[in-house]
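K.L.:
Kindly generate the corresponding structure for this input.
(one chain, ligands or ions: 1)
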Amino acid sequence: MSFDLNSLLRPHIAKLQPYTSARDEYTGKEGVFLDANENPFGSITEQDFNRYPDPYQSALKEEIAKIKGVRPSQIFLGNGSDEAIDLLYRAFCNPGKDNVILLPPTYGMYEVSANINDVEIRKVALTPDFQLQPEKILAAADANSKILFICSPNNPSANKAKREDILYLLEKFPGLVVVDEAYIDFSDEPSFTTELDRFPNLLVMQTFSKAWGLASLRLGMAFASEELIRILNKIKPPYNISGLTQETVLAAIKDKAKVDRMIQDILAEREFLNGELEKLPFVQKTHPSHANFLLVQIPNANQVYNDLIEEKIIVRNRAKVLLCADCLRITVGTREENEALLKALSKVCS
Ligand SMILES: *Cc1c(COP(=O)(O)O)cnc(C)c1O
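P.N.:
From the prediction side, this is the model:
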């Protein structure tokens with residue numbers, strides 16, 4: 001299928017003259033910098049933060065490109081994945097006119113961000129075993145369907161979508177296909193970043209919030225064609241990633257072996273927790289997980305959820321979510337945390 005990114009783009013964004021920051025014109029490191037109204041004396045903190053950060057995060061993107069097997073020009077960095085989601089709506093979806101396709105049960109921000117931007121949502125449910133329905137998705141789409149959001153591994157169901165279904169949709173869907181891989185580090189599935197050169201309508205999202213343990217820093221990644229990344233860069237706030245975040249993550253990437261060890265530890269704990277939950281007579285089902293959480297079906301989940309809070313164990317109640325009746329979403333914790341959960345569950349369910 002031929003794909004023309006410009007025909008999807010909102011016309012005023014195509015014409016937009018972006019903000020040019022003081023550091024766009026001179027990129028040298030040496031000089032007397034009197035261009036950005038910064039404080040020349042330093043900061044009130046021990047570490048200096050008085051200079052504006054690199055708006056395009058070039059050093060950080062160089063390193064991310066190496067570990068992800070993409071080119072730096074194919075990377076967008078956002079203040080969390082949530083910023084990338086919002087920018088996609090603002091770039092491509094005309095309020096009151098265009099629509100997006102969401103596949104419930106799935107991550108809540110796609111819907112909230114659509115509502116903030118006054119964009120119509122068309123929902124095509126997953127099957128009862130949480131797989132995509134490609135023909136129904138295509139039947140729901142029309143010329144105003146700008147984005148299809150696929151979350152794989154999916155939150156809250158924890159499973160991965162079939163690769164051939166995503167590839168089929170990449171070939172047939174008329175708009176952008178976003179594959180949200182927030183949990184890919186916990187799966188044996190290869191990333192869709194390997195398909196970027198084949199599909200100009202593909203955008204892959206990943207995050208530093210989960211496997212890397214950096215949720216508080218707020219750093220999300222989007223990988224796509226250079227053309228699409230240029231659009232996101234054009235409309236983002238100029239200094240959307242703080243200097244502290246850029247520096248901290250740059251240092252963290254040098255110690256990637258530590259992340260790999262943490263992932264192995266989480267996978268081992270997932271195995272432990274899953275096994276122990278399945279031994280409990282009142283647990284009806286633990287769904288197979290490719291993520292760092294388990295979706296667990298327990299009778300009277302609402303009551304169990306509230307009783308667990310009394311025991312100071314906080315899980316996510318998904319009982320009211322489509323296809324998730326009586327389900328709790330439980331993040332894999334440390335061994336001590338998992339044992340505390342199991343003990344509390346046995347107490348409140350006995
Ligand atoms: C946690 C999560 C994210 C991460 O969002 P950030 O804004 O990067 O913290 C993205 N997508 C899904 C499906 C998630 O569950």
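
K.L.:
Number of residues surrounding the closest residue to the ligand within the chain?
P.N.:
Closest contact between the chain and the ligand, by CB to the nearest ligand atom, is at Gly80 (2.6 Å). Where C-beta positions appear, they are placed from N, C-alpha and C, glycine not excepted. One way to gauge burial is a neighbour count; for Gly80, by other CB atoms under 10 Å, it gives 18.

K.L.:
Surely it and Gln206 touch.
P.N.:
No. In terms of CB atoms under 8 Å, Gly80 does not count as a neighbour of Gln206; the distance is 11.6 Å.

K.L.:
Can you name the residues of this protein that neighbour the ligand?
P.N.:
Within the chain, the positions near the ligand by CB under 6 Å from any ligand atom are 80-82, 107, 151, 155, 180, 182, 207, 209-210, 215, 220.

K.L.:
Tell me where the stretch 251-350 of the chain has strands.
P.N.:
Listed from the start of the chain, the stretch 251-350 of the chain has strands (DSSP state E, counting those that start in this stretch) covering 285-286, 293-297, 316-317, 327-331.

K.L.:
Report the secondary structure state of the spatially closest residue to Ser225 that is not a sequence neighbour.
P.N.:
In space, Ser225 comes closest to Pro200 once its chain neighbours are excluded; the distance is 4.9 Å by CB to CB, 6 or more residues apart in numbering. Three states are possible here, and by DSSP: H, G, I helix; E, B strand; the rest coil the one that applies to Pro200 is coil.

K.L.:
For Pro200, give me its contacts.
P.N.:
Going by CB atoms under 8 Å, 6 or more residues apart in numbering, Pro200 touches 3, 5, 225, 227-228.

K.L.:
Buried among these? Make that a ChimeraX selection.
P.N.:
Selection command for ChimeraX covering only the buried members of those, criterion 16 or more other CB atoms under 10 Å:
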select :3,5,225,228
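
K.L.:
any chance of the contacts of Pro200 in a markdown table, with distance to Ile101, secondary structure and pLDDT too?
P.N.:
As requested, the contacts of Pro200 are arranged in a markdown table below (distance: CB to CB, whole Å; DSSP: H, G, I helix; E, B strand; the rest coil; pLDDT from 0 to 100):
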| residue | distance to Ile101 | secondary structure | pLDDT |
| --- | --- | --- | --- |
| Phe3 | 17 | coil | 88 |
| Leu5 | 18 | helix | 95 |
| Ser225 | 21 | coil | 98 |
| Glu227 | 22 | helix | 97 |
| Leu228 | 18 | helix | 98 |
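
K.L.:
will you turn the contacts of Pro200 into a markdown table that also has distance to Glu337?
P.N.:
What follows is these, written out as a markdown table (distance: CB to CB, whole Å):
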| residue | distance to Glu337 |
| --- | --- |
| Phe3 | 46 |
| Leu5 | 45 |
| Ser225 | 41 |
| Glu227 | 45 |
| Leu228 | 40 |
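
K.L.:
Just the closest of the contacts of Pro200 to Lys66, please.
P.N.:
The closest of these to Lys66 turns out to be Ser225 (CB to CB; 19.4 Å).

K.L.:
what about that closest one, distance to Ile13?
P.N.:
Ser225 is 16 Å from Ile13, where distance means CB to CB, to the nearest Å.

K.L.:
Mind checking the pLDDT average for whichever helix in the chain runs longest?
P.N.:
For the chain, the helix reaching the highest residue count under DSSP state H is reported as helix 256-279. In this model, helix 256-279 has a mean pLDDT of 97.

K.L.:
Now do the buried residues in that helix.
P.N.:
Within helix 256-279, the residues scored as buried using 16+ other CB under 10 Å are 259, 263, 266-267, 269-270, 273-274, 276-277.

K.L.:
then it to PDB, C-alphas only?
P.N.:
Once side chains and other backbone atoms are set aside, the C-alpha atoms of helix 256-279 remain, and they are given as PDB (Å, rounded to 0.1, in the frame of the first residue of the first chain):
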ATOM      1  CA  LYS A 256      22.900  -1.800  30.700                       C
ATOM      2  CA  ALA A 257      24.100  -5.100  32.200                       C
ATOM      3  CA  LYS A 258      22.400  -4.100  35.400                       C
ATOM      4  CA  VAL A 259      19.100  -3.600  33.700                       C
ATOM      5  CA  ASP A 260      19.400  -7.100  32.100                       C
ATOM      6  CA  ARG A 261      20.000  -8.500  35.600                       C
ATOM      7  CA  MET A 262      17.000  -6.700  37.000                       C
ATOM      8  CA  ILE A 263      14.800  -8.000  34.200                       C
ATOM      9  CA  GLN A 264      16.000 -11.600  34.900                       C
ATOM     10  CA  ASP A 265      15.100 -11.100  38.600                       C
ATOM     11  CA  ILE A 266      11.600  -9.800  37.700                       C
ATOM     12  CA  LEU A 267      11.100 -12.700  35.400                       C
ATOM     13  CA  ALA A 268      12.100 -15.200  38.100                       C
ATOM     14  CA  GLU A 269       9.700 -13.500  40.600                       C
ATOM     15  CA  ARG A 270       6.900 -13.500  38.000                       C
ATOM     16  CA  GLU A 271       7.400 -17.300  37.700                       C
ATOM     17  CA  PHE A 272       7.400 -17.700  41.500                       C
ATOM     18  CA  LEU A 273       4.300 -15.500  42.000                       C
ATOM     19  CA  ASN A 274       2.400 -17.200  39.200                       C
ATOM     20  CA  GLY A 275       3.200 -20.600  40.600                       C
ATOM     21  CA  GLU A 276       2.100 -19.700  44.100                       C
ATOM     22  CA  LEU A 277      -1.100 -18.000  42.900                       C
ATOM     23  CA  GLU A 278      -2.100 -21.000  41.000                       C
ATOM     24  CA  LYS A 279      -1.800 -23.100  44.100                       C
END
